[in-house]
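Peer 1: here is my input, please return the structure:
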Amino acid sequence: MSKQNIYDNEAFFEEYMKLRSREVNANNLFELPTLYSLMPDLEGKKVLDLGCGSGERCMEYIQHGASKVVGIDISEKMLEAAKKNYSDPKITYMNMPMEDIGNIDETFDVVISSLALHYVEDYEGVVKNVYRLLSDGGIFLFSQEHPVNTCYSGKGDRWTRDENGRKIHANLENYCVENRYDSKWFVEGVQRYHRMFSTVINTLTEAGFRIVKIAEPYPTKELVDKYPEYYDNFHKPDFLFVKSQKT
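Peer 2: Got it, this is the predicted structure:
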């Protein structure tokens, strides 16, 4: 089974870190505020972070009261940055793909994943393992690329435009064909897995989760007035958030 490790590609890693260092980006404007609006109380909780990246979120979970955080990531480069910049006695970093979390022999109160699950082929397997790793009543909160984005193969124009080049609407392509798409993001060959919204949700409920809340963040008028380039998000949201609970 393919386990992509694009973040250890030197060119990709450097460009990605430049993107995240900018104050104005989609993560800071939409993804992180939504993630924290859905976050359960972390006081005294054990947290597992799937795809922890450079570790900044792990440190924030400790600052929000978590008693222990385990951050896993497939990328050695990301974990090197995490250990350098966000080390704490309460944080443990592990070099591990999400598909292998069944090997972890402990339980957690909260499992969080930020924009990583669309890189995973065996989504069902990860969901089942998360359910097993959670304590009763535990929360699984994740964000991923929205399914209206992951079905785009990167071929042809993403947008239909008017005679002045203004975007009228986003073009959808094979939404009902669940597949792996290889596209260019900084470098060629970035693998993402497209799943329909129904598959994302039904996989969770079939594993035993109760859906608590779903979010699809979009900009306010004030934000678009300040950053007009984010008008695109009125046409389609970039991210899907799902908060679920082990029953």
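Peer 1: hey, where'd the strands end up in this structure?
Peer 2: Assigned strands in the chain, in chain order: 46-50, 68-73, 91-95, 108-114, 134-145, 159-161, 167-170, 180-185, 187-193, 209-215, 239-246 (criterion: DSSP state E).
Peer 1: what sits up against the first one?
Peer 2: Which is strand 46-50. For strand 46-50, the external contacting residues (Cβ atoms under 8 Å, 6 or more residues apart in numbering) are 57-58, 61, 66-72, 98, 101, 104, 106-114, 116-117, 126, 130, 133, 142. C-beta here means a position set from N, CA and C on the backbone, and glycine is covered the same way.
Peer 1: buried set for stretch 234-241?
Peer 2: By 16 or more other Cβ atoms under 10 Å, the buried positions in stretch 234-241 come out as 236, 237, 238, 239, 240, 241.
Peer 1: could you list the low-pLDDT ranges of this structure?
Peer 2: The chain contains residues with pLDDT under 70 at 1-2, 4-13, 15-21, 184-189.
Peer 1: middle-most residue in it, spatially?
Peer 2: Note on the chain: the residue nearest the mean C-alpha position is residue 115, at 1.3 Å, using Cα atoms, centre = their mean.
Peer 1: how about it, phi and psi?
Peer 2: Per-residue torsions, residue 115: phi 50, psi 50 (degrees, to the nearest 10).
Peer 1: returning to what we had before: can you say which of the contacts of strand 46-50 are buried?
Peer 2: Buried members of the contacts of strand 46-50, scored by 16+ other Cβ under 10 Å, are 57-58, 61, 66, 68-72, 98, 101, 104, 108-114, 116-117, 126, 130, 133, 142.
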